[in-house]
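Chemist: Quick one, what's the 3D model for this:
(2 chains)
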Amino acid sequence: MIKYLIAILDKQATSFCYYENPDYYRPASALMPRAELEKTVDYAARNKIAVNFLYGNRRLPAPYEDLIESIDHVKIMPLKLRREMSDGIFVINRDDRQEIGRLEENFHLNLILRLERGALGELAGIFRSLLGKFRRLNLCLLNMEDYRPEDLTEYGKQLAKIEQYAADEYRAGNMPEINFISDRFMLQNMNNCDAGITHLTVAPNGKLYLCPGFYYDNAENSLGTWQPEIEIKNSRLLRLNHAPICRNCDAYQCKRCLFLNQKITGEINTPSSQQCIASHLERNTSGRLLDALKPVIESFRPYVSIPAIPYLDPFEIINNLAAQEVDYRERERSIAGLLSKPLENMTTKELLFQVYRLDKELLMQLKNIVREE
Amino acid sequence: MEKEPGIEKIKTGKPSWQEGRAKTVTFIVTEDCQLACRYCYLVGKNKKGRMSLETAQKAVDYLLREREIFTEPSIIWEFMGGEPFLEIDLIDQISDYIKRRMYEDDHPWFNSYRFSFSTNGLLYHTTGVQNYIEKNGAHVSIGITIDGTQKKHDLQRVYPDGRGSYADVVKNIPLWLEQFPESSTKVTVASDDIPFIKESILHLWGLGITQVNINVVFEDAWKEGDDRLFEEQLTQLADTMIADRLYRDYTCSFFQESMGSMMDCVTDNRNWCGAGRMLSIDHQGNFYPCTRFAPYSLQNKPPVIVGNVKTGLDLNRLRPFLSLDRITQSTQECLDCEVASGCAWCQAANYDFADTATVFQRAVYICKMHRARVRANNYYWHKLNRKLGRSGVIKGDPS
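Modeler: Numbers count the residues shown, from 1 in each chain, chains lettered A, B, ... in the order given. This is a model prediction of the structure:
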């Protein structure tokens, strides 16, 4: 079910995610025509959904702002607009990094840090300089398709440093949200981007896309224009249960970026090894940090540990098991063992009660399995 | 491989070499062919696409060098076209290079390799081909495609001017069977061929080809009523096989005792197709998950390139193929199907016919034909088991 739209207000709008906007640094601006913006706002109002507006490097004309204010929304804009506009999520691109030092202490700010591969070695330093200046920080690693094993090793090193900085911050009583570290603390299931499922993107040309990445990659990737029923061919492939690698994974904080999947592996439901390894490095960092912070975390929410696992890429498990012709029951048992980790501590009675609440039929089916076995 | 139910044996198909654990690497040495078969999926055949020795050598060097990627204990070096024997001199040079390099590298494959060919058989008797067979001896495996009776064969397997090729192929069959006695042939059935299935299989057995591997085309090429005709042909074949006790010495892959059951979504979730586990290389040095993903084989979609001889395999591009399973690509109807087992698909055909550029959408054009096959298959095994006093397997409802 679509819950919100992403509206690209300007062809030069900032990226806020993994994709690149090749027009971002170009001088000429190309705003979404006002008529298209009106259609977007109208569609959102009629369908009771919100809109995330993506801004370029300059303020919009007043009539645009009036339209934007007429609907539930989030504004996402380059950090350089912060001096002029205060109510938004601010994106730190390459050319905004010198601004970080000038940011004042702020525990309410929502920031997105987009870090190119060449700057990976600076990540921990940048993170440290941002501490105390945000409520939530989202990190997007760029150029993932070019990542080599040594880059991932470097990412692991940076995460180890960040783990220490974050631990100090949490122990000091500050509880900033950090997507690549703290999101996994709270999650018991996948929390993916869900492009095409919970949100769609409208581009300046008035056409719809799965996400901005597909628009900037090739405007021909369009899903069409506004229709009462928007058809996405093979939409089942957007869903987790149709992603053989991801559905067996517990790096729940991973965005499972469909655009990166398509770009690197050729299939929207298949992540690259770089994506999997980076997400597992984050997952493992979360696990270590959570254990270290147990007393702090337990004071305000139930504590569920993140178990140690012997791999960084779930594809290896799937592929090795397939190649070795391991008995499928054995394979399912090992995967189920991983996925059910937090449930292991529940009593059988409580677990069956939860199953009953979810689906009474399941209980009947479980009884049949017991009989058959 | 034969079983002994009581006093009578039932011949079963020969297992694949090394029980399927060998890596198959296919060199598309030419995209040219003397024939213009009407059902051929190679829609882009041409005279320009010829592999150079240098490209083949680079591919061999890469494959032998990357032992951590190519861990299979054995290898099948396959030569494909078009018609591969058009390039027998090139193949001979490539084969010599492979043998030399495997020896020099002390590669485990040196002790476990095959050179494999699928050919239309027209050049089988020529000096070049015969010298090659003699030179490489037991390492060679050759399959000649002959579709059955002259009528059936010439309906599809024709020269560009429309003449049938049966007479030019059949004369090479005795020599082939003398050199490769346990050989099988691969028969393809399209809509127009259905009335000739029974007589064609009997004809091939009569030629001495004891194992006939046969499949229906995966394309959207079936007409109303084809399934009934198909079932009728297979039923007649079953009756003849049982009456004449042909099951003792011959096999036809349409009849599989284990076929036609419902499949479990957990324990029977394996992909049917081996695309991605094999590797195909064309004249440009590009790698494909199998030959059918090369440009000359696709009608509607761009090729799926998973690397090349210069930069090597792009392992990310292989991940979709190696993680593909049955449930992810199947329709709900397929998952609920009571006679699902034995229903085949071709990954490249799926991709070519899919609504988007994905390998995760299964084409189901053969659904009615599979159900017809299951009914005839059930009939065959039911009747044979009764005759031989064997206990059969209860299967699903193919209606």
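
Chemist: give me the low-pLDDT residue ranges for the chain?
Modeler: Since no chain was named, I'll use chain A. Scanning chain A for pLDDT under 70 picks out A:298-303, A:321-336, A:338-342, A:370-373.

Chemist: Hmm, no, I was thinking of chain B.
Modeler: B:1-7, B:392-399.

Chemist: which parts of it sit against chain A?
Modeler: B:266-270, B:304, B:315-317, B:319-320, B:322-325, B:328, B:354-361 (Cβ under 8 Å from any Cβ of the partner chain). Yep, even glycine has a C-beta here, placed from its N, CA and C like the rest.

Chemist: Of those residues, keep whichever come out buried.
Modeler: Buried subset of the residues of chain B next to chain A (neighbour count, 16 or more other Cβ atoms under 10 Å in any protein chain shown): B:269, B:304, B:316-317, B:319-320, B:322-325, B:328, B:354, B:357-361.

Chemist: Narrow these to those in helices?
Modeler: Here DSSP state H is the test, and these give B:316, B:317, B:319, B:320, B:322, B:323, B:328 as lying in helices.

Chemist: these two touch, right, the first one and residue A:265?
Modeler: Yes. Shown here, residue B:316 and residue A:265 form a contact pair, counting by Cβ atoms under 8 Å, at 4.9 Å.

Chemist: joint contacts of those two?
Modeler: Residues touching both residue B:316 and residue A:265 (Cβ atoms under 8 Å, 6 or more residues apart in numbering or on different chains) are residue A:272.

Chemist: surely residue B:371 meets residue B:342?
Modeler: No. Here residue B:371 lies out of contact with residue B:342, judged by Cβ under 8 Å, at a distance of 10.9 Å.

Chemist: gap between the two ends of stretch B:34-50?
Modeler: The first and final residues of stretch B:34-50 sit 14 Å from each other (Cα to Cα, to the nearest Å).

Chemist: repeat for stretch B:157-167
Modeler: Stretch B:157-167 stretches 11 Å from its first residue to its last (Cα to Cα).

Chemist: With stretch A:239-259 instead?
Modeler: For stretch A:239-259, the separation between the terminal residues is 14 Å (Cα to Cα).

Chemist: could you dump the ones in helices among the buried ones among the residues of chain B next to chain A to JSON lines with distance to residue B:56?
Modeler: What follows is these, written out as JSON lines (distance: Cβ to Cβ, whole Å):
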{"residue": "B:316", "distance to residue B:56": "25"}
{"residue": "B:317", "distance to residue B:56": "22"}
{"residue": "B:319", "distance to residue B:56": "27"}
{"residue": "B:320", "distance to residue B:56": "27"}
{"residue": "B:322", "distance to residue B:56": "25"}
{"residue": "B:323", "distance to residue B:56": "30"}
{"residue": "B:328", "distance to residue B:56": "35"}
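
Chemist: ok, the closest residue to residue B:342 other than its chain neighbours to chain A distance?
Modeler: Of all residues not flanking residue B:342 in the chain, residue B:259 sits nearest, at 3.1 Å (Cβ to Cβ, 6 or more residues apart in numbering or on different chains). Using Cβ to the nearest Cβ, to the nearest Å, we find residue B:259 at a distance of 19 Å from chain A.

Chemist: dump the residue contacts of residue B:259.
Modeler: Applying Cβ under 8 Å, 6+ apart, the residues contacting residue B:259 are B:341, B:342, B:373, B:374, B:377.

Chemist: SS state for it?
Modeler: Of the three states, residue B:259 takes coil under DSSP: H, G, I helix; E, B strand; the rest coil.

Chemist: got it, and residue B:301?
Modeler: coil.

Chemist: Where do the helices of chain A begin and end?
Modeler: Here chain A has its helices, by DSSP H, at A:34-46, A:62-69, A:123-130, A:149-171, A:183-186, A:212-217, A:258-265, A:273-292, A:294-298, A:314-323, A:328-339, A:348-358, A:360-372.

Chemist: Show me the one of these that comes nearest residue A:15.
Modeler: For residue A:15, the closest of those is helix A:212-217, at 6.9 Å, according to Cβ to Cβ.

Chemist: circling back: mind putting the helices of chain A in CSV, distance to chain B and mean neighbour count included?
Modeler: Listed next are the helices of chain A as CSV, based on distance: least, Cβ to the nearest Cβ, whole Å; neighbours: other Cβ atoms under 10 Å in any protein chain shown:
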stretch, distance to chain B, mean neighbour count
helix A:34-46, 24, 16
helix A:62-69, 33, 14
helix A:123-130, 23, 18
helix A:149-171, 12, 17
helix A:183-186, 23, 19
helix A:212-217, 12, 23
helix A:258-265, 5, 23
helix A:273-292, 6, 21
helix A:294-298, 35, 13
helix A:314-323, 5, 18
helix A:328-339, 4, 14
helix A:348-358, 18, 11
helix A:360-372, 11, 9
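
Chemist: From the centroid of chain A, which residue is nearest?
Modeler: residue A:255 (3.1 Å; Cα atoms, centre = their mean).

Chemist: ok, for that one, nearest residue in space, not its chain neighbours?
Modeler: Setting aside the residues directly before and after it, residue A:255 is nearest to residue A:193 in space (Cβ to Cβ, 6+ apart), at 4.5 Å.

Chemist: Kindly list the main-chain dihedrals of that neighbour?
Modeler: Per-residue torsions, residue A:193: phi -60, psi -40 (degrees, to the nearest 10).

Chemist: so it makes contact with residue A:254?
Modeler: No. Using Cβ under 8 Å, residue A:193 makes no contact with residue A:254, being 9.2 Å away.

Chemist: chain center to stretch B:301-315, what's the gap?
Modeler: Using Cα atoms, centre = their mean, to the nearest Å, the distance from the centre of stretch B:301-315 to the centre of the chain it belongs to is 23 Å.

Chemist: Could you list the buried residues of that stretch?
Modeler: For stretch B:301-315, the neighbour count (16+ other Cβ under 10 Å) marks B:301, B:303, B:304, B:305, B:306, B:307, B:308, B:309, B:313, B:314 as buried.

Chemist: From the residues you listed, pick the one nearest residue A:116.
Modeler: Closest to residue A:116 out of the buried residues of stretch B:301-315 is residue B:314 (22.0 Å), distances taken as Cβ to Cβ.

Chemist: rewinding a little: roughly how far apart are the residue nearest to residue B:342 and residue B:373?
Modeler: 8 Å (Cβ to Cβ, to the nearest Å).

Chemist: Give me the common contacts of the two.
Modeler: Common neighbours of residue B:259 and residue B:373, using Cβ under 8 Å, 6+ apart, are residue B:342.

Chemist: hmm, back to that, ok, which pair from the contacts of residue B:259 is furthest apart?
Modeler: Largest separation among those by Cβ to Cβ: B:341 and B:373, giving 11.6 Å.

Chemist: Check the secondary structure at the residue nearest to residue B:77 when sequence neighbours are not counted for me.
Modeler: Spatial nearest neighbour of residue B:77, excluding adjacent residues (Cβ to Cβ, 6+ apart): residue B:115 at 5.2 Å. What three-state DSSP gives for residue B:115 is strand.

Chemist: What residues does residue B:115 make contact with?
Modeler: Residue B:115 sits next to B:77, B:78, B:79, B:91, B:95, B:136, B:139, B:140, B:141 when contact means Cβ under 8 Å, 6+ apart.

Chemist: Pull the CA coordinates from stretch A:154-162 and hand them back as CSV.
Modeler: Presented in CSV, the C-alpha positions along stretch A:154-162 are these (Å, rounded to 0.1, in the frame of the first residue of the first chain):
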residue,chain,number,x,y,z
GLU,A,154,38.2,-0.1,5.4
TYR,A,155,34.5,0.3,6.1
GLY,A,156,34.8,-2.4,8.9
LYS,A,157,37.7,-0.4,10.4
GLN,A,158,35.7,2.9,10.3
LEU,A,159,32.8,1.1,11.9
ALA,A,160,35.0,-0.1,14.7
LYS,A,161,36.0,3.5,15.5
ILE,A,162,32.4,4.7,15.2
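
Chemist: got the contact list for it?
Modeler: Around stretch A:154-162, the neighbours that count as contacts under Cβ under 8 Å, 6+ apart are A:120, A:121, A:123, A:124, A:127, A:141, A:180, A:181, A:278, A:281, A:282, A:285.

Chemist: In JSON lines, list these along with distance to residue B:154.
Modeler: Formatted as JSON lines, the contacts of stretch A:154-162 follow (distance: Cβ to Cβ, whole Å):
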{"residue": "A:120", "distance to residue B:154": "65"}
{"residue": "A:121", "distance to residue B:154": "69"}
{"residue": "A:123", "distance to residue B:154": "69"}
{"residue": "A:124", "distance to residue B:154": "73"}
{"residue": "A:127", "distance to residue B:154": "73"}
{"residue": "A:141", "distance to residue B:154": "61"}
{"residue": "A:180", "distance to residue B:154": "66"}
{"residue": "A:181", "distance to residue B:154": "70"}
{"residue": "A:278", "distance to residue B:154": "59"}
{"residue": "A:281", "distance to residue B:154": "62"}
{"residue": "A:282", "distance to residue B:154": "63"}
{"residue": "A:285", "distance to residue B:154": "68"}
